[in-house]
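Undergrad: Just a sequence and a predicted model for now, questions to come.
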Amino acid sequence: QVQLVESGGGLVQAGESLRLSCAASGRTFGTYAMGWFRQAPGKEREFVAHISSSGGIRRYADFVKGRFTISRDNAKNTIYLQMNSLRSEDTAVYYCAAVTVPAYYSRNYDSWGQGTQVTVSS
C-alpha cells in the first residue's frame, strides 16, 4: 500500500479554478493506478476521475468532462486534479486513492488519503 496526502483545496467563487495535489509515499507509486473521488455532505462518495499507472489512460465522470483534468508525475510521486470552471455543485471533500488497475468504484481502491475540502461559492 501507499500513503496518500491531498492538498490544494480551498474556497473559490464559481467559475474559478483550483489544482489539487496528492502526494504518495513508497517506491511502488508508479505501479498504481490512481483515482479522485468526492463526497458532498449527505451524499455518497462518487467517482471523479482515474488515471492508469503510466498516465496513458484517463477517464472522467460525465459531470466533470471538459472541466477537470487528471494527471500524474511519477518522478514526484504525485497526481493532480486541475479543476476549471468550478460550480457550486462541485463543493465536496475530494479524496485521492490508489488501486492496482483503474476502477470506477471506491470499493476497489486499496489506499485513501484524508481528503481536502473544496468549497465553491455561487
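TA: Received the coordinates, thanks.
Undergrad: Would you verify that Gln117 is located in a helix?
TA: No - read with DSSP: H, G, I helix; E, B strand; the rest coil, Gln117 is strand and lies in no helix.
Undergrad: And the pLDDT at the spatially most central residue of the chain?
TA: Centroid check for the chain by Cα atoms, centre = their mean gives Trp36 as the closest residue, at 2.5 Å. Trp36 is assigned a pLDDT of 98 by the prediction.
Undergrad: Tyr109: what's its closest spatial neighbour, skipping adjacent residues?
TA: Once flanking residues are discounted, Tyr109 sits nearest to Ala97: 3.8 Å by Cβ to Cβ, 6 or more residues apart in numbering. C-beta: built from backbone N, CA, C; applies to glycine.
Undergrad: which residues are contacting the strand or helix carrying the one you found?
TA: For Ala97, the element it lies in under DSSP states H and E is strand 92-99. Here strand 92-99 makes contact (Cβ atoms under 8 Å, 6 or more residues apart in numbering) with 1-2, 4, 6, 9, 20, 22, 24, 29, 32-40, 43, 45, 48, 50, 79, 81, 106, 108-118.
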